[in-house]
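# Sequence isn't available, so here's the structure alone:
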């Protein structure tokens with residue numbers, strides 16, 4: 001039977017600890033809030049006061065409710081003040097020795113039946129529990145920042161946590177209006193394991209030169225519909241915090257993809273910790289300076305080397321099926337080009353000399369390259385009739401992952417670029433501009449300018465497996481599916497954690513079903529083949545679901561069944 005907690009304690013009153021105090025006090029509980037000294041205590045009191053004042057100003061809390069909330073909180077520097085609490089939540093800095101010592105002291109303060117909870121985001125709850133005389137009463141109660149706003153609470157159990165303790169803490173979270181998810185003691189739990197795996201991968205992509213800082217963040221915001229790009233989010237979290245969490249995850253799980261990248265470590269060593277120091281991946285104006293948001297790309301003026309585009313020719317191979325497929329894939333491009341005053345024509349390779357003449361007059365040729373071995377012959381035929389400086393934009397299945405060979409076949413690789421509309425996980429007009437070994441800056445600038453003229457957001461990426469959006473997304477989706485496959489969490493719990501804890505518009509299992517399991521499997525195989533990283537290998541469950549024909553929403557069944 002779940003316990004009815006009436007008095008709780010919180011020790012450690014930083015931003016997170018003070019937020020947890022607010023959550024409990026809003027829920028009608030008496031709260032004892034402790035810190036190590038008067039200065040830290042007053043800082044915590046100030047965090048709580050500012051948070052409730054903002055809530056009142058925004059109409060989310062009545063002044064009378066705020067006054068009553070503050071009346072339920074007792075502040076003290078004496079740990080003995082926690083003696084009468086039914087539950088104590090620890091929210092001190094993420095240092096194992098500090099937490100172990102605190103829990104040993106709490107053993108001597110609280111009643112034998114009191115529950116001890118840690119808000120750790122990545123440390124082992126088991127290690128913390130065994131520092132006490134009664135590890136069965138220790139549980140993880142991981143809130144997400146800002147605690148008064150984010151709905152998720154991860155209730156983390158160890159192999160010795162009492163079932164009644166687990167059920168009581170879960171019931172308390174529900175009573176407070178939170179959405180609890182019960183998980184085992186694994187590095188990062190659900191939320192941080194998935195989030196920081198994704199964030200660490202984004203840093204590695206930047207470090208490897210796959211794409212620029214701005215294009216990586218734009219791909220996540222526009223292509224995936226995420227509220228922030230991964231690099232801006234890291235700056236908000238704090239690069240030192242991120243490095244510490246990734247280090248803990250790597251030490252516990254030994255997955256090399258969780259090890260902090262050298263770039264992240266160097267930024268931390270240089271003191272560039274993100275927003276709190278004014279510089280991380282982005283540079284931030286001092287508080288109160290009125291400076292602009294430097295996390296947004298600078299639109300600026302026209303890029304250097306942009307060529308004028310007045311005529312575009314769309315090229316298909318010479319069979320009716322191919323032409324129909326091109327119309328299906330590229331019809332919107334044709335319509336949009338015409339709408340902005342660009343002269344558009346369609347050419348089927350193998351036409352009369354009239355077709356050759358039309359190609360020779362193009363500023364841009366958009367070639368739909370079919371899958372298979374015929375791509376090189378197609379682009380060689382097309383480009384043999386072009387004038388110097390014509391941009392050759394290759395799209396379609398045959399252009400994905402083979403740009404270098406196709407560009408070489410043209411004899412003019414500086415003019416060749418890949419152009420891949422992103423399969424929409426978010427309903428957004430994002431286009432990946434793929435650069436080859438010799439693609440010129442002018443070719444890239446002209447292609448991006450044309451995309452933006454059509455109302456599409458363009459990002460530039462090297463010709464790597466998964467390009468940019470899939471390379472960001474698919475490893476994260478596979479990590480989530482592994483949790484389901486291994487029985488660590490259900491599909492519903494994984495999606496709940498990422499929506500309610502990380503503020504994402506959809507959970508990874510939902511995103512996987514919407515993307516298509518076959519699409520994800522193909523991308524994962526290409527990433528694994530290119531990198532050789534065991535962590536990029538597709539999980540067996542993904543392979544099995546695809547083999548069974550369960551491809552996601554379009555077939556009515558994927559990881560979940562869809563009506």
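Great, that's in hand. As the structure is a computational prediction, the values presented were derived from the model and not from experiment. Residues are numbered from 1 along each chain as shown.
# per the record, what domains does the chain have?
The chain breaks down by automatic domain parsing into domains covering 7-184, 191-277, 311-462, 469-555.
# among those, which is nearest residue 285?
Ranking the domains of the chain by proximity to residue 285 (CB to CB) places domain 191-277 first, at 10.5 Å. Every residue, glycine included, has its C-beta placed from N, CA and C.
# all strands for the stretch 151-300 of the chain, in order.
152-157, 179-184 (DSSP state E, counting those that start in this stretch).
# Give the pairing partners of the first one; include direction for each.
Based on DSSP bridges, the strands next to strand 152-157 in the sheet, each with its direction, are strand 138-143 (antiparallel), strand 179-184 (parallel).
# These into a markdown table, with extra columns for distance to residue 451 and mean pLDDT?
Shown next, in a markdown table, are the strands paired with strand 152-157 (distance: least, CB to CB, whole Å; pLDDT from 0 to 100):
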| stretch | distance to residue 451 | mean pLDDT |
| --- | --- | --- |
| strand 138-143 | 42 | 98 |
| strand 179-184 | 40 | 97 |
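# Determine which of those strands approaches residue 275 most closely.
Counting by CB to CB, residue 275 lies closest to strand 138-143 out of the strands paired with strand 152-157; the figure is 20.6 Å.
# now what about stretch 196-214, what contacts it?
Applying CB atoms under 8 Å, 6 or more residues apart in numbering, the set of residues contacting stretch 196-214 from outside is 188, 216, 219-220, 229-231, 233-234, 237, 242, 245-246, 249, 257-264, 281-282, 297, 459-462, 464, 468, 471-472, 475-476, 479.
# Pull out the buried members of those residues.
Among these, those classed as buried by 16 or more other CB atoms under 10 Å are 188, 216, 219-220, 229-231, 233-234, 237, 242, 245-246, 249, 257-261, 264, 281-282, 459-462, 464, 468, 471-472, 475-476, 479.
# Which members of those residues are positioned in helices?
Mapping the buried ones among the contacts of stretch 196-214 onto helices (DSSP state H) picks out 216, 230-231, 233-234, 237, 242, 245-246, 249, 264, 471-472, 475-476, 479.
# which one of those residues sits closest to residue 31?
Of all those, residue 31 sits closest to residue 237, with 26.2 Å by CB to CB.
# if I read this right, that closest one contacts residue 273, doesn't it?
No. Using CB atoms under 8 Å, residue 237 is not in contact with residue 273; the gap is 9.7 Å.
# what about residue 276, how many residues close to it?
Neighbour count for residue 276, taken as other CB atoms under 10 Å: 15.
# now the strands of the stretch 151-300 of the chain in a markdown table, with distance to residue 364 and mean neighbour count?
Putting those into a markdown table (distance: least, CB to CB, whole Å; neighbours: other CB atoms under 10 Å) gives the following:
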| stretch | distance to residue 364 | mean neighbour count |
| --- | --- | --- |
| strand 152-157 | 47 | 25 |
| strand 179-184 | 50 | 20 |
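# Just tell me which of the ones you listed ends up closest to residue 413.
With CB to CB as the yardstick, what comes closest out of those is strand 152-157 (49.1 Å).
# same question for the closest one, mean pLDDT?
The pLDDT scores in strand 152-157 average 98.
# same question, stretch 366-385
If you average the per-residue pLDDT over stretch 366-385, you get 81.
# What's the separation between residue 182 and residue 96?
Separation of residue 182 from residue 96 (CB to CB, to the nearest Å): 23 Å.
# Run a quick neighbour tally on the closest residue to residue 175 other than its chain neighbours.
In space, residue 175 comes closest to residue 27 once its chain neighbours are excluded; the distance is 6.4 Å by CB to CB, 6 or more residues apart in numbering. Residues within reach of residue 27, counting by other CB under 10 Å, total 18.
# you'd agree residue 27 is up against residue 178?
No. Residue 27 is beyond contact range of residue 178, at 9.2 Å (criterion: CB under 8 Å).
# Can you find the helix or strand in the chain with the smallest mean pLDDT?
In the chain, the helix or strand scored least confidently by mean pLDDT, DSSP states H and E is helix 353-360, which has a mean of 64.
# From the contact counts, what lies against the next helix or strand after that one?
Downstream of helix 353-360, the next assigned helix or strand under DSSP states H and E is strand 364-368. Strand 364-368 is packed against strand 311-316, helix 320-339, helix 375-383, strand 391-395, helix 441-453, with contacts defined by 3 or more CB pairs under 8 Å, 6 or more residues apart in numbering; DSSP states H and E.
# change it to 10 Å
Where contact means 3 or more CB pairs under 10 Å, 6 or more residues apart in numbering; DSSP states H and E, strand 364-368 is packed against strand 311-316, helix 320-339, strand 343-348, helix 375-383, strand 391-395, strand 416-421, helix 441-453.
# quick one: average confidence on the second one?
The average pLDDT for helix 320-339 rounds to 74.
# And the contacts of stretch 94-101?
12, 90, 92-93, 118-125, 127-132, 241, 244-245, 248 (CB atoms under 10 Å, 6 or more residues apart in numbering).
# among these, which ones are buried?
Here, 16+ other CB under 10 Å leaves 12, 90, 92, 118-125, 128-129, 131-132, 241, 244-245, 248 buried among the contacts of stretch 94-101.
# Among those, which ones are in helices?
The helices, defined by DSSP H, take in 125, 128-129, 241, 244-245, 248 from those.
# can you put these in JSON lines and add distance to residue 417 and pLDDT?
As requested, those are exported to JSON lines (distance: CB to CB, whole Å; pLDDT from 0 to 100):
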{"residue": "125", "distance to residue 417": "50", "pLDDT": "97"}
{"residue": "128", "distance to residue 417": "53", "pLDDT": "97"}
{"residue": "129", "distance to residue 417": "56", "pLDDT": "97"}
{"residue": "241", "distance to residue 417": "39", "pLDDT": "93"}
{"residue": "244", "distance to residue 417": "40", "pLDDT": "93"}
{"residue": "245", "distance to residue 417": "38", "pLDDT": "93"}
{"residue": "248", "distance to residue 417": "42", "pLDDT": "92"}
